[in-house]
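Chemist: structure here, sequence nowhere to be found:
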């Protein structure tokens, strides 16, 4: 089933961080869409629940050096 | 030719430092893709400790994106020079328009500096964020490149035209004033080429040193941008005709001229018409005298004498009269001024508002 979450991100220091975060769309199987906003410090992720969990997405965000609140 | 050589030397010295402060962030961002790729390619053990002690990065991998960034910047500024020369031919920006532009650019720089210093999330809006679709396209393009994501540095290098530093703005004003697309393009090319060695050295060695120092570097950049923002806003205010200016005060302190002396009336040139001539010496560090007494209600001629001057003092403006004149490095230029009422003050300055003076019109 398709699920959409919006996370507040800490640690974004420039617009390039948004691009870096959005790369989870290409990296993680099951993530359908990732859109980050440096201006609002938000990351919206659309994913297939059967393929990936919210925890796994949060873990990947942490691995990239950011914190999802 | 002399102008082009001078533009190169300006870029090599002050231009390099000033532009690095303003555009360093973009350069750092453009390298992030490469650095991340390096981290991904390193062994997992090294990965964990990468924040504190980053693994050594191979030289060619970082040199390439920096060179691409600088090449894109060089091309973009040369094209900008071409456009400025063309625009200079078609239209001439009034001193007030330029003052408005300077203040707007200064506010943008101020916001950017406060953003870099993480003062408040509101300042994030001072950073340009490309639309999501463009970001996705860029990412996929960069990712599809097998060896290195060079598209991002190329694009960001070209985007530096959107955030010209103070010295670049001076050069852009000079390029605009040429009114000749080819000469203007050559000027911007020489200047940007001049800024490149310092850009390369700092970017290369900073990224070699590590992430922790990169953070310090960004903070340093932010503080320099903050200072430049204040100078730019102040220049804009001075160019708009304000008699009080921080930059001018600072220049006076530097040259040891604490309080410009009020120069007495200069003798009338023609006793019959009672017209007067005011002679001003144009120097690299400003105008002498800077505070002049003149007769009211008589035609006035400003005689500007320059000798081996290469600073922006050559771009002479009288904002309230819409006068702007690009002086020769060595030569005499005369400007006619209509009779001024008693008690009026005529502020003159260079096109950047860095140097200036006042003529006080009095009844005799």
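Modeler: Noted; the coordinates are in hand. All values reported here derive from a predicted model rather than from experimental measurement.

Chemist: switch to C-alpha atoms for all contacts and neighbour counts from now on
Modeler: Will do.

Chemist: counting neighbours, what do you get for the residue of the stretch 151-300 of chain B found nearest chain A?
Modeler: Per CA to the nearest CA, residue B:152 is where the stretch 151-300 of chain B lies closest to chain A, at 9.7 Å. When neighbours are counted by other CA atoms under 10 Å in any protein chain shown, residue B:152 registers 26.

Chemist: so which elements touch the strand or helix carrying it?
Modeler: Remark: residue B:152 resides in helix B:151-159, with elements defined by DSSP states H and E. In this structure, helix B:151-159 makes packing contacts with helix B:16-41, helix B:59-90, helix B:132-144, judged by 3 or more CA pairs under 8 Å, 6 or more residues apart in numbering or on different chains; DSSP states H and E.

Chemist: so for it, mean pLDDT?
Modeler: The pLDDT scores in helix B:151-159 average 78.

Chemist: the lowest-mean-pLDDT helix or strand in chain A and chain B in contact?
Modeler: Every helix and strand of chain A was ranked by mean pLDDT, DSSP states H and E. The lowest is helix A:15-22, at a mean of 82. Yes. Residues of helix A:15-22 contacting chain B under CA under 8 Å from any CA of the partner chain: A:15-16, A:19, A:22.

Chemist: after that helix, next one along is what?
Modeler: Downstream of helix A:15-22 (by DSSP H and E), the next one is helix A:24-27.

Chemist: for that next one, which outside residues touch it?
Modeler: By CA atoms under 8 Å, 6 or more residues apart in numbering or on different chains, the surrounding residues in contact with helix A:24-27 are A:31-34, A:60.

Chemist: now intersect those with the strands, please.
Modeler: Judged by DSSP state E, the contacts of helix A:24-27 include A:31-34 as members of strands.

Chemist: on the three-state scheme, the residue of chain B found nearest chain A is what?
Modeler: Using CA to the nearest CA, residue B:124 is the residue of chain B that sits closest to chain A, at 5.1 Å. What DSSP: H, G, I helix; E, B strand; the rest coil gives for residue B:124 is helix.

Chemist: count residues in the vicinity of it, would you?
Modeler: So residue B:124, with other CA under 10 Å, has 24 neighbours.

Chemist: so the spatially closest residue to it that is not a sequence neighbour, which of the three states?
Modeler: Distances taken as CA to CA, 6 or more residues apart in numbering or on different chains place residue A:39 nearest to residue B:124, at 5.1 Å, with adjacent residues excluded. At residue A:39 the chain is in coil, as set by three-state DSSP.

Chemist: dihedrals phi and psi, residue A:39?
Modeler: In terms of degrees, to the nearest 10, the main-chain angles of residue A:39 are phi -60, psi -40.

Chemist: tell me how many other residues crowd residue B:127.
Modeler: That count, for residue B:127 with other CA under 10 Å as the rule, works out to 17.

Chemist: in contact with it, which residues?
Modeler: So residue B:127 contacts A:14-15, A:39, B:112, B:115 (CA under 8 Å, 6+ apart).

Chemist: which of those lies closest to residue B:168?
Modeler: residue B:112 (17.3 Å; CA to CA).

Chemist: is the host helix or strand of the closest one positioned near chain A?
Modeler: Residue B:112 belongs to helix B:95-116 when assigned by DSSP H and E. Yes. For helix B:95-116, a contact with chain A is found by CA under 8 Å from any CA, at residue B:116.

Chemist: that helix packs against which elements?
Modeler: Helix B:95-116 sits against helix B:211-239, with contacts defined as 3+ CA pairs under 8 Å, 6+ apart.

Chemist: counting by contacts, list what the helix it packs on packs against.
Modeler: So helix B:211-239, by 3+ CA pairs under 8 Å, 6+ apart, packs with helix B:16-41, helix B:95-116, helix B:181-209, helix B:246-255, strand B:345-350.

Chemist: 6 Å - rerun?
Modeler: Using 3 or more CA pairs under 6 Å, 6 or more residues apart in numbering or on different chains; DSSP states H and E as the contact test, the elements touching helix B:211-239 are helix B:16-41, helix B:95-116.

Chemist: just want the angle from that helix to helix B:95-116.
Modeler: For helix B:211-239 against helix B:95-116, the angle by axes from the mean of the first three to the mean of the last three CA atoms, to 10 degrees is 160 degrees.

Chemist: quick one: helix B:211-239 to helix B:181-209, angle?
Modeler: Using the same axes, to 10 degrees: helix B:211-239 against helix B:181-209 is 150 degrees.

Chemist: got the angle between helix B:211-239 and strand B:345-350?
Modeler: Here helix B:211-239 points in a direction 140 degrees away from that of strand B:345-350 (the same axes, to 10 degrees).

Chemist: now helix B:211-239: mean pLDDT?
Modeler: 75.

Chemist: up against chain A, what does the stretch 51-200 of chain B have?
Modeler: Proximity of the stretch 51-200 of chain B to chain A, by CA under 6 Å from any CA of the partner chain, involves residues B:124-125, B:129.

Chemist: distance-wise, check the residue in chain A positioned nearest to chain B relative to residue A:57.
Modeler: As assessed by CA to the nearest CA, chain B sits closest to residue A:39 within chain A, at 5.1 Å. Distance, residue A:39 to residue A:57, by CA to CA, to the nearest Å: 21 Å.

Chemist: so what's the nearest residue to residue B:76 once chain neighbours are set aside up against?
Modeler: In space, and not counting its chain neighbours, residue B:76 is closest to residue B:158: 5.1 Å by CA to CA, 6+ apart. Residues in contact with residue B:158 (CA atoms under 6 Å, 6 or more residues apart in numbering or on different chains) are B:72-73, B:76.

Chemist: name the member of those residues with the most neighbours.
Modeler: residue B:73 (25 neighbours).

Chemist: dump the residue contacts of that residue.
Modeler: Counted by CA under 6 Å, 6+ apart, residue B:73 has contacts B:157-158.
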